[in-house]
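[1] Build me a model:
(2 chains)
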Amino acid sequence: MSFIVSKFKCKGITFFSLLHVTHYSSRFSTAAVASIEPKIPPDLSSCIVQDKDLLLKSLNPSGTGLHVLDLVDEGSLEPHPTLYHLLLKKCTFLRKPKLGKIVHAHISNSHFRGDVVILNTLLNMYAKCGCLDDARNLFDEMSVKDMVTWTTLITAYSQHDRPLDALLLFPQMLSLGFFPNEFTLSSLLKASAALPDTPQIYFHGAQLHGFSFKCGFHSNVYVGSSLLDMYARCGCMDEAHFVFDVLPTKNEVSWNALIADHARKGQLDRALSLFLKMLRQDFQPTHFTFSSIFGACASTGSLEQGKWVHAHVIKSGGEIIAFMGNTLLHMYAKSGSIQDAKMIFDRLVKRDLVSWNSMLTAYAQHGLGKEAVQCFQKMLNIGLVPNDITFLCLLTACSRAGLLEEGQYYFKSMNRYNIEPGISHYVTIVDLLGRAGLLNEALRFINEMPIQPTAAVWGALLGACRMHKNVEMGSFAAERVFELDPHDSGPHVLLSNIYASGNRWRDAAKVRKLMKESGVKKEPACSWVEIQNTVHMFVASDDSHPQMGAIYKKWEEISARIKEIGYVPDTSHVLFYMDEQEREVKLQYHSEKLALAFALLNSPDGSTIRIKKNIRVCGDCHSAFKFVSKVVGREIIVRDTNRFHHFYDGSCSCGNFW
DNA sequence: GTAGGGTTAG
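    Have a look, this model is predicted:
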């Protein structure tokens, strides 16, 4: 038997690729079955080899058929451990457990049915393909197990979000006399870090730390990285830093783990300083690094820092792949630049469903409902199948933009894609109807829902009642919210506002009393603005800022100018009972107004002002900002918890839907 | 033959 095999080297490993087998030419004529790593291009310097072992090394299942197993069935080829090993590797790589099952059947009928190394590879194939039941059955059936068998199953559970199952195997493994290695411990630590609450993470994690220390595995870079991540996830940042500092060898992953931990906590400064330190020590940032940092920039709305890190991505010459690109897109959208978000979307090398969902979200946040609908249609046209989040994004976009009919249409169309609406979809539809003023329809919709309405559902109706000043339905909705979630301050404030806007001060006071009695605390409103890389934060009636005198004076000047062109303070947004003049004074010093006055004093004429707020922008400030954008001739972008408002030339992009 | 870090809504 003779065949042509191409032999090539890549990363120091020699690969063999079967190009042609003369004896089985009908089967293999096109089967230039590449290496284990199919992306590696075979070198063309092929040679003629007459070596059966080489053939075995070269064979891999390609396409749909496992031709090589047919050869075994026919008796043309002796079964060989390397053959099974390569076939299983291929199935694992391609995530094709069905093909793997065929190999499994073959192994069961061969001499190797009890070979622990082959069975471990088989176990790993099931594990990596997510077939945890098959993996468990195989594990239970294996009469001979070794430490790798236990580690493979522990890793399987740990990687598929079943941390308790992974951790439960550990004492069993120990009691049977198997000793863990660094592989086992890094997987166990990952599992402990994924437990649902902080004390549990610490309880299991710290014990595993002790175990690792005793065995000397704590200095292994894999163990160290999962160890520091575990500490960070239960809030022990000092311990996480300690583990990192004493780690004798660090790599990109250990750096990324620490950066990601700070980023997740919204500690952008810490994340950025670690990023710089990483660069200075000649470690290459990866997609993981960038992705974490963009996530932190998105949550704090730090456009400038985000742009700076984006510049690093460009400098490093890497392509913007979906995983990192999606976070970058999200970062631009969430820190106020829809243009940049769209540009990233257009430049993404390969878009996935998350990319499209992120773009839809971006449009929703900026009130661009029509663009969202077009985007959704485009994704259907290219054959992408939407998921539940896609619809959530799309419905939110419709709701925010007041696209009533479109929203209802798309909600109904969900069953075409076999997507059962979840509670969030129902909330969005109540919001959609409510914003459009169809309060009775919204109430009917809630009563006819097939699932139990939650506090969020009634909260959406309550918000709509505030918007449309419906006191009766508002207090009814608020009662339902209080029953279901008595500790949220938002609905109390909304109800109090509803009463205040209807001049029912006694009722408003009752709500405040209720809040006090039940210990519900209102989150203090604050707004912040970034000027020359410094974040300046303001709370209402604050006078702690060094420029406060000038800020108050500036606002008084602006206030007088906007009153001349028609601004009338809407005092219903003040929660307390006080006389009209007092209430107007209170309104003057809402945090967003202070932030705006400060920005006007400290930024160049004509430049865009970006303000962020931790709760929804108040109605009076919203009205005032429209006038301000006109008198100062500047674009003002406000990000509140819900969406963006682009104020320009006397109007706002939200079209008063918010 | 077995390992650690990253995304979208609210």
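[2] Quickly check: the stretch of helix or strand residue A:137 belongs to near DNA strand B or not.
    Residue A:137 belongs to helix A:132-141 when elements are defined using DSSP states H and E. No: counting by Cβ under 7 Å from any atom of the strand, no contacts exist between helix A:132-141 and DNA strand B, the nearest distance being 11.6 Å. Backbone N, C-alpha and C define where each C-beta goes, glycine included.
[3] average pLDDT across that helix?
    In this model, helix A:132-141 has a mean pLDDT of 97.
[4] pLDDT below threshold where in the stretch 401-550 of chain A?
    Low-confidence segments of the stretch 401-550 of chain A, defined by pLDDT under 70, span residues A:523, A:533.
[5] Repeat that for chain A.
    In chain A the weaker segments, taking pLDDT under 70 as the threshold, are A:1-66, A:523, A:533, A:572-581, A:583, A:657-658.
[6] Count the residues that sit near residue A:509.
    The burial count assigned to residue A:509 is 16, neighbours taken as other Cβ atoms under 10 Å.
[7] DNA strand B versus that one, what's the distance?
    When Cβ to the nearest atom of the strand, to the nearest Å is applied, the distance between residue A:509 and DNA strand B equals 29 Å.
[8] where does that residue land in three-state SS?
    Under DSSP: H, G, I helix; E, B strand; the rest coil, residue A:509 falls in the helix class.
[9] hmm, who's touching the helix or strand encompassing residue A:358?
    Secondary structure assignment for residue A:358, by DSSP H and E: helix A:353-365. In this structure, residues lying in contact with helix A:353-365 by Cβ atoms under 8 Å, 6 or more residues apart in numbering are A:322, A:325-326, A:329-330, A:332-334, A:338, A:341-342, A:345, A:348, A:369, A:371-372, A:375-376, A:379, A:384-387, A:389-390, A:393-394, A:396-397, A:400, A:643-644.
[10] Pull out the buried residues from those residues.
    By the neighbour-count criterion of 16 or more other Cβ atoms under 10 Å, those include these buried positions: A:322, A:325-326, A:329-330, A:332-334, A:338, A:341-342, A:345, A:348, A:369, A:371-372, A:375-376, A:379, A:384, A:386, A:389-390, A:393-394, A:396-397, A:400, A:643-644.
[11] Of those residues, which belong to strands?
    The strands in this structure, assigned by DSSP state E, contain residue A:644 from the buried ones among the contacts of helix A:353-365.
[12] Within reach of DNA strand B, which of the buried ones among the contacts of helix A:353-365 are there?
    Counting by Cβ under 7 Å from any atom of the strand, the members of those near DNA strand B are A:322, A:326, A:330, A:334, A:389, A:393, A:396.
[13] Distance to residue A:235 for those residues - can I get that in CSV?
    Compiled in CSV, these are given as follows (distance: Cβ to Cβ, whole Å):
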residue, distance to residue A:235
A:322, 31
A:326, 28
A:330, 25
A:334, 25
A:389, 29
A:393, 32
A:396, 32
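[14] Now, those residues that are in helices?
    Using DSSP state H, the subset of those located in helices is A:322, A:326, A:330, A:334, A:389, A:393, A:396.
[15] Buried residues of stretch A:121-128, list them for me.
    Of all the residues in stretch A:121-128, those buried under the rule 16+ other Cβ under 10 Å are A:121-128.
[16] and DNA strand B, which of those residues reach it?
    Judged by Cβ under 7 Å from any atom of the strand, the overlap between those and the neighbourhood of DNA strand B comprises A:121, A:124, A:128.
[17] Among the residues you listed, which are located in helices?
    Among these, the subset assigned to helices under DSSP H consists of A:121, A:124, A:128.
[18] right, and the first one touches residue A:87 too?
    So that's residue A:121. No: distance between residue A:121 and residue A:87: 9.5 Å, which falls outside the contact criterion (Cβ atoms under 8 Å).
[19] how near is residue A:386 to residue A:350?
    Distance, residue A:386 to residue A:350, using Cβ to Cβ, to the nearest Å: 18 Å.
[20] now swap in residue A:464 and tell me
    From residue A:464 over to residue A:350 the distance is 40 Å, taken as Cβ to Cβ.
[21] and the two? which has more neighbours close in?
    residue A:464 (25 against 11).
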